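Student: no sequence for this one, just the structure:
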DNA sequence: TTTTTATATAATTATATTATTATATAATAA
DNA sequence: TTATTATATAATAATATAATTATATAAAAA
């Protein structure tokens, strides 16, 4: 992957955003799947506004994108972001988080949004 | 470099620490040179206690080590830390910071501590 | 021994962050 | 149209972070 070098300040901003367990895990999930808010609420057992606010922060710097599909809003990784190669490098250091989605399916809780 | 995979929580902790411009730059400097506190104070134009407190946070999780040499305390990167490969991957994304040290030398301000 | 220099720590203050509760909006279902 | 569902936003409260000022410690110099 191309090694993009950007300013210290920009990198620090991204690191601060990913320096939160919830947001870091969200990014790991979004790297492989798009997710809607209700799935994330289920996975993290956290209030809907809390999840929305984490997503907002990630969206504000353009790291994730949102797409409305009917009543649901799906979030996805912005792989065109100039920081995406940094994100990938970081995610390579944490364990796969996809089981969290699989568990949701098993529990049948796999929410309406599909 | 070996790709060490550790827990999400631990990675988030490191990212939060490096999610500060000053600490991120300190880490970039220490990756190539040991530095004493007074040099960092000069470079960052920041109070001595402020620098000491940043160093303390990095030391508390073991990312940096300190060595006393006479009246000075030199800080260095702990390259044996299990997170060091993550650190390296991150530092690859920011510009070289060594000129900051060179500037110090030029200014002749290159402090007593050598 | 006293003074000076380098650094750490404690106390404080200002600011930022995170989560909760309450409310608004937008789409669908009844 | 009204009710319901999914999500966002605003207000608030609790907590964390970062910087400053004041003080302590440890080594070296006088």
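Tutor: Perfect, I can see it now. Keep in mind that what you see is a predicted model, and the values were worked out from it rather than measured.
Student: Around chain B, pick out the residues from chain A.
Tutor: When proximity is defined by C-beta under 8 Å from any C-beta of the partner chain, chain A lies next to chain B at A:3-9, A:11-21, A:24-25, A:28, A:85-86, A:89-90, A:92-95, A:97. (Glycine included, C-beta is placed from N, CA and C.)
Student: run the last query once more with 7 Å
Tutor: Residues of chain A found near chain B (C-beta under 7 Å from any C-beta of the partner chain) are A:3-6, A:8-9, A:11-12, A:15-16, A:18-21, A:24-25, A:86, A:89, A:92-95.
Student: Can you tell me which of these are classed as buried?
Tutor: A:8, A:11-12, A:15-16, A:18-21, A:24-25, A:86, A:89, A:93-94 (16 or more other C-beta atoms under 10 Å in any protein chain shown).
Student: how about the helices of chain A, start to end?
Tutor: With DSSP state H as the criterion, chain A has helices at A:8-18, A:21-30, A:37-44, A:48-60, A:84-91, A:99-106.
Student: Now tabulate the ones you listed in JSON lines and tack on mean pLDDT and distance to DNA strand D.
Tutor: Shown next, in JSON lines, are the helices of chain A (pLDDT from 0 to 100; distance: least, C-beta to the nearest atom of the strand, whole Å):
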{"stretch": "helix A:8-18", "mean pLDDT": "98", "distance to DNA strand D": "8"}
{"stretch": "helix A:21-30", "mean pLDDT": "98", "distance to DNA strand D": "12"}
{"stretch": "helix A:37-44", "mean pLDDT": "96", "distance to DNA strand D": "3"}
{"stretch": "helix A:48-60", "mean pLDDT": "98", "distance to DNA strand D": "3"}
{"stretch": "helix A:84-91", "mean pLDDT": "98", "distance to DNA strand D": "18"}
{"stretch": "helix A:99-106", "mean pLDDT": "85", "distance to DNA strand D": "13"}
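Student: So for DNA strand C, which of these sits nearest?
Tutor: helix A:48-60 (3.4 Å; C-beta to the nearest atom of the strand).
Student: Let's have the helices of chain A in TSV, adding distance to residue B:46.
Tutor: Converted to TSV, the helices of chain A look like this (distance: least, C-beta to C-beta, whole Å):
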stretch	distance to residue B:46
helix A:8-18	15
helix A:21-30	28
helix A:37-44	37
helix A:48-60	27
helix A:84-91	26
helix A:99-106	41
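Student: Looking at those helices, spot the one closest to residue B:42.
Tutor: helix A:8-18 (17.7 Å; C-beta to C-beta).
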